[in-house]
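Asker: Okay, here's the prediction I keep looking at, along with the sequence it came from:
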Amino acid sequence: MTKLQETLAGNIKRARSRLGYSQMRLAELSEISTSFVGEIELGKKFPSPMVLERLAASLGLKPYQLFFEEEQWEVFDKYDRITSLYHDLKEKLNNELEDTVRRYLRE
């Protein structure tokens, strides 16, 4: 298995596990066979560009992200967590602001 295949296989497994997808679910979403997903994850097969795009889309990623090195995933994970936190805080602040305005208008 080449380094590229190893990186791809590991990243597909990692992203699939994060989402709680089985190989079967990923295969369904990507419109490929379950055995092909397994062979990709074992580094026995390498997907075509079209299949790479479908796999990435099914995992909520851009195709190039399937080739991130380990340290790049750490940065991506941190960015993802910070973005999620930002959106949660923004929603809470907006809700609090709306409640405050409603209370003020009732007085």
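Answerer: Received it, and whenever you're ready, just let me know what you need. Owing to the predicted nature of the structure, the values given are computational and were not obtained by experimental measurement. Numbers count the residues shown, from 1 in each chain.

Asker: Would you map the helices across this protein?
Answerer: Along the chain, counting by DSSP state H, helices occupy 3-19, 23-30, 34-41, 49-58, 70-106.

Asker: tell me the domain ranges of the protein?
Answerer: What automatic domain parsing lists as the domains of the chain is 1-68, 69-107.

Asker: ok so, going back, export the helices of the chain to a markdown table and append columns for mean pLDDT.
Answerer: Putting those into a markdown table (pLDDT from 0 to 100) gives the following:
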| stretch | mean pLDDT |
| --- | --- |
| helix 3-19 | 93 |
| helix 23-30 | 97 |
| helix 34-41 | 97 |
| helix 49-58 | 97 |
| helix 70-106 | 82 |
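
Asker: Switch those over to JSON lines; also include distance to Tyr64 and mean neighbour count.
Answerer: Quick note: C-beta positions are derived from backbone N, CA and C, even for glycine. Converted to JSON lines, these look like this (distance: least, CB to CB, whole Å; neighbours: other CB atoms under 10 Å):
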{"stretch": "helix 3-19", "distance to Tyr64": "11", "mean neighbour count": "16"}
{"stretch": "helix 23-30", "distance to Tyr64": "17", "mean neighbour count": "18"}
{"stretch": "helix 34-41", "distance to Tyr64": "17", "mean neighbour count": "18"}
{"stretch": "helix 49-58", "distance to Tyr64": "8", "mean neighbour count": "17"}
{"stretch": "helix 70-106", "distance to Tyr64": "10", "mean neighbour count": "10"}
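
Asker: who touches the residue nearest to Ala56 when sequence neighbours are not counted in this structure?
Answerer: Among residues not flanking Ala56 along the chain, Pro63 sits closest, at 4.3 Å (CB to CB, 6 or more residues apart in numbering). Contacts of Pro63 were listed using CB atoms under 8 Å, 6 or more residues apart in numbering, and they are 49, 52-53, 56.
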